[in-house]
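*Asks:* quick one, what's the 3D model for this:
(6 chains)
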Number of protein chains: 4
Amino acid sequence: MSLREKKAEKKKKEIIQSALSIIAEKGYHATTMEDVAAKLLMTKGSVYYYFKDKQDLLFKSQKMLLEQSIQNIEEIMSKELPIIEKLQKVMVVHIEFLITERTGFAMGARPDQFFAGDQLQEIISLRQKYSHCIDKLIAQGIESGYFNKVDTKIVRNIILGAMNYVIEWYSSDGSKDKNELAKSISDYLLRILIN
Amino acid sequence: MSLREKKAEKKKKEIIQSALSIIAEKGYHATTMEDVAAKLLMTKGSVYYYFKDKQDLLFKSQKMLLEQSIQNIEEIMSKELPIIEKLQKVMVVHIEFLITERTGFAMGARPDQFFAGDQLQEIISLRQKYSHCIDKLIAQGIESGYFNKVDTKIVRNIILGAMNYVIEWYSSDGSKDKNELAKSISDYLLRILIN
Amino acid sequence: MSLREKKAEKKKKEIIQSALSIIAEKGYHATTMEDVAAKLLMTKGSVYYYFKDKQDLLFKSQKMLLEQSIQNIEEIMSKELPIIEKLQKVMVVHIEFLITERTGFAMGARPDQFFAGDQLQEIISLRQKYSHCIDKLIAQGIESGYFNKVDTKIVRNIILGAMNYVIEWYSSDGSKDKNELAKSISDYLLRILIN
Amino acid sequence: MSLREKKAEKKKKEIIQSALSIIAEKGYHATTMEDVAAKLLMTKGSVYYYFKDKQDLLFKSQKMLLEQSIQNIEEIMSKELPIIEKLQKVMVVHIEFLITERTGFAMGARPDQFFAGDQLQEIISLRQKYSHCIDKLIAQGIESGYFNKVDTKIVRNIILGAMNYVIEWYSSDGSKDKNELAKSISDYLLRILIN
DNA sequence: AATGAATGAGTCTTCATTCAT
DNA sequence: GATGAATGAAGACTCATTCAT
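*Replies:* Model (predicted):
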């Protein structure tokens, strides 16, 4: 990749970050291209140089978020760790990532409200990839006897729901820091599976 | 209340229902006054006879949803039931209500994205009222020794998050009916509190 | 049709007339919805109340023009007239209509530059209907021995091209009035067919 | 002219050709500088090195077309040929040129829709030069008794209109080749002038 | 009470044009 | 000479809102 291309890539990421942060704050529809550009001291026109249209920007940003999440989870899964610690780590990282990025949009919102056609398929497929990782962990835990026998799908969704909800209520009070909070939540959620 | 007023009241509820269902499907910003009116075979103009503006309609609809939820929960709380059964019933009713109304908007989304000033205060206050009920149940359970000692706020939010997430993934497959699903979820969530 | 509908219909025609005259002057792409509205002392928004979008307005206006032309020609064809007079009348009316409406757009421009899909089909079909009328007249003239034997398609297109070109050069000088000019042209064109 | 200048001149012609072909296909307004450049595997910026702006490109391209046409006609006029054959040859060459270049833009469209000021004057003047050639041929034909006495201006415009219209309807079916078609048309048009 | 019509502010999007490198 | 990047003005389109009837 040439220097030029690297710069362009960097710019794209900056724009995505800008979009992400404003979408997190206002929601997708209330976010204007003007907002996204202004935050970077750019003009609307420039944003359109890097992204076909608003939908494209949304899609790419969500995709990036999901891919990052998948990378996070796969990295953990490839490690040699006891299943319980593994699942806990997955949860902690997920929650910390959410809080850091200030957006649960990618994981939380119903994708069919924002995507259609191929984009929808791709987003769904990425989400499933993520879900499957969690499912696999749960299944492994059950098989190895460390976890109670549960309905994997339901428990996975409980875990996802509980985690994604964090951004709705975190922040307001900083009695606990990010990491501590993430640990707490994961501890509680593990109780569903253990004993 | 005169007949006329009753009729007006009924019409308002119809409009709110229409708004609610479309917001659930498309999201607030993507919902137009035209949509809301068309679903009832009305014209936009008529909707404005009953509601000051779109924001007013949103506010009243969310308020209604929250008030209904609070009524649901309070009704259960006033009953003579073992604490565990009480909390479970609260959860089951919450989930069923969500699925029936097809919207977790009222409980799930960050209110400051949609409301400001007095409206925001009122919505927050209603949500807190609801949250406090759950907190109370948890506290009572702990006090009476039925529940493990936990961080009430965190566990309450785990419960809310897990429950509200249901609308994101329910429906797709009907292997379990509404009630069964609600029971399952509440059972799993109770494990956080029991043993 | 109710009074309301009649009024709406009238308004639509006014807008079409406005659009037609500006398109005739500036061309389609250079014509803005603002222009069309301003000419009628309306706002853009109002135009959109009557027409879905700019393309819709263009399509409806061209359709109206073509339908009017077809009506003109069919009226003449149904009359009891010698074939020569008939064809001449068709030409005269065509030219006068063009000059009066100040636009040869409907008949002249390549429709595939402006329409696609169903719209294109409909426009083409209307044009063909018109062309067929002329073809029929030529064919009848040949059959009855009044016209020379010619390649109908080519001669028809010569006639159409020559007539439609009038708007490009008429106006500049008013040495001849509309009707006289139309007669002249049709006389000359008839020479292709007679003797 | 230096080698450098020759190269530049060649490049300009390439760009003009590209512009011409896209304008012929889409029309002037729908043609973007991007399109013109892309067809030559250039970037927009480069085009601006050779042409001041889009208008300049349009003007130069139309001028080139007109000058070529004028050269064509003058070449024929300077030949020793019977007047009838001369006019016919003019028509045949005109039509073939049109079909080859795929654009009747230069001759057909109203120049005041695209040009103003000096550019408009120059385009009009070139067109007139062309028209005058045809007028001269007609006049000579009348004088020498080969042609009927006609209104020169009207007949010239009939001829131009009929010829320019060819690009609107040629192509679709290739029953006749370019040259044959051109001959046919010119034969028919000559009937206006002869007997 | 209801509605057809009109409005205007706000947004997305395109594209000719410029310019530093 | 060439190009990637940036810009801003223009224009299409949407939609909440108003109002006369």
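*Asks:* quickly list the domain ranges of chain A.
*Replies:* Domain assignment for chain A by automatic domain parsing gives A:1-51, A:58-193.
*Asks:* confidence-wise, which helix or strand of chain A is lowest on average?
*Replies:* Least confident helix or strand, chain A: helix A:105-108 with a mean of 68, by mean pLDDT, DSSP states H and E.
*Asks:* what's the following helix or strand after it?
*Replies:* helix A:117-143 (DSSP states H and E).
*Asks:* for that next one, list every residue counted as buried.
*Replies:* A:119, A:122-123, A:126-127, A:130-131, A:133-134, A:137-139, A:141-142 (16 or more other Cβ atoms under 10 Å in any protein chain shown). Glycine gets a C-beta too; all of them are placed from N, C-alpha and C.
*Asks:* before we move on, back to that, for DNA strand F, find the nearest of the domains of chain A.
*Replies:* Nearest of these to DNA strand F, taken as Cβ to the nearest atom of the strand: domain A:1-51 at 2.4 Å.
*Asks:* so how far is that closest one off the chain centroid?
*Replies:* Centre-to-centre, domain A:1-51 and its host chain are 19 Å apart (Cα atoms, centre = their mean, to the nearest Å).
*Asks:* please apply the same query to stretch A:158-174.
*Replies:* Offset of stretch A:158-174 from its chain centre (Cα atoms, centre = their mean): 13 Å.
*Asks:* neighbours around residue A:53, how many?
*Replies:* If you count neighbours by other Cβ atoms under 10 Å in any protein chain shown, residue A:53 ends up with 11.
*Asks:* what's it sitting at in phi/psi?
*Replies:* Dihedral angles of residue A:53 (phi, psi; degrees, to the nearest 10) stand at phi -160, psi -180.
*Asks:* hmm, residue A:112 and residue A:120 touching each other?
*Replies:* Yes: using Cβ atoms under 8 Å, residue A:120 is in contact with residue A:112, at 6.1 Å.
*Asks:* hmm, back to that, between the buried residues of helix A:117-143, which is nearest chain D?
*Replies:* residue A:119 (25.1 Å; Cβ to the nearest Cβ).
*Asks:* can you give me the neighbour number for the spatially closest residue to that closest one that is not a sequence neighbour?
*Replies:* Counting by Cβ to Cβ, 6 or more residues apart in numbering or on different chains, residue A:119 lies nearest to residue A:59, which is 5.0 Å off, once chain neighbours are set aside. Taking other Cβ under 10 Å as the criterion, the count of residues near residue A:59 is 20.
*Asks:* how close does residue A:43 get to chain C?
*Replies:* 23 Å (Cβ to the nearest Cβ, to the nearest Å).
*Asks:* typo on my end, residue A:114
*Replies:* In terms of Cβ to the nearest Cβ, residue A:114 sits 24 Å off from chain C.
*Asks:* what's the answer for residue A:64, then?
*Replies:* In this structure, residue A:64 and chain C are 34 Å apart, going by Cβ to the nearest Cβ.
*Asks:* that residue contacts residue A:17, doesn't it?
*Replies:* No: at 9.3 Å, residue A:64 and residue A:17 do not qualify as touching, with contact defined as Cβ under 8 Å.
*Asks:* any low-confidence regions in chain A?
*Replies:* Residues of chain A meeting the criterion pLDDT under 70: A:106-107, A:172-175.
*Asks:* residue contacts, residue A:161?
*Replies:* Residue A:161 makes contact with B:161, B:162, B:163, B:164, B:165, B:166, B:168, according to Cβ atoms under 8 Å, 6 or more residues apart in numbering or on different chains.
*Asks:* 6 Å instead, please
*Replies:* B:161, B:162, B:165 (Cβ atoms under 6 Å, 6 or more residues apart in numbering or on different chains).
*Asks:* rebuild these as a markdown table, extending it with distance to residue A:91.
*Replies:* As requested, the contacts of residue A:161 are exported to a markdown table (distance: Cβ to Cβ, whole Å):
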| residue | distance to residue A:91 |
| --- | --- |
| B:161 | 13 |
| B:162 | 13 |
| B:165 | 15 |
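*Asks:* quick one: which of these is nearest to chain C?
*Replies:* Relative to chain C, and with distances defined as Cβ to the nearest Cβ, the nearest of the contacts of residue A:161 is residue B:165, at 39.3 Å.
*Asks:* quick check: closest non-adjacent residue to the closest one.
*Replies:* residue A:161 (2.5 Å).
*Asks:* and residue A:176, by the same measure?
*Replies:* Nearest non-adjacent residue to residue A:176, counting by Cβ to Cβ, 6+ apart: residue A:184, 7.1 Å away.
*Asks:* just give me the neighbour total for that neighbour.
*Replies:* The burial count assigned to residue A:184 is 18, neighbours taken as other Cβ under 10 Å.
*Asks:* again with residue A:63
*Replies:* That count, for residue A:63 with other Cβ under 10 Å as the rule, works out to 16.
*Asks:* hey, where'd the helices end up in chain A?
*Replies:* In chain A, helices defined by DSSP state H lie at A:3-26, A:33-39, A:44-50, A:54-77, A:83-101, A:105-108, A:117-143, A:152-164, A:166-169, A:178-193, listed in chain order.
*Asks:* tabulate those (CSV), appending distance to DNA strand E.
*Replies:* Below are the helices of chain A laid out as CSV (distance: least, Cβ to the nearest atom of the strand, whole Å):
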stretch, distance to DNA strand E
helix A:3-26, 10
helix A:33-39, 4
helix A:44-50, 4
helix A:54-77, 3
helix A:83-101, 21
helix A:105-108, 16
helix A:117-143, 13
helix A:152-164, 25
helix A:166-169, 23
helix A:178-193, 31
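*Asks:* export these to TSV and tack on distance to residue D:98?
*Replies:* Listed next are the helices of chain A as TSV, based on distance: least, Cβ to Cβ, whole Å:
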stretch	distance to residue D:98
helix A:3-26	44
helix A:33-39	44
helix A:44-50	38
helix A:54-77	42
helix A:83-101	61
helix A:105-108	57
helix A:117-143	43
helix A:152-164	65
helix A:166-169	66
helix A:178-193	73
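*Asks:* quick one: which of those helices is nearest residue C:98?
*Replies:* helix A:44-50 (41.8 Å; Cβ to Cβ).
*Asks:* pull out the buried residues from that closest one.
*Replies:* Buried residues in helix A:44-50, counting neighbours by 16+ other Cβ under 10 Å, are found at A:47, A:50.
*Asks:* check whether it contacts chain D.
*Replies:* No: shown here: helix A:44-50 not in contact with chain D (Cβ under 6 Å from any Cβ of the partner chain), separated by at least 12.1 Å.
*Asks:* contact partners of that helix?
*Replies:* Among residues not part of helix A:44-50, those counted as contacts by Cβ under 6 Å, 6+ apart are A:12, A:15, A:33, A:34, A:36, A:37.
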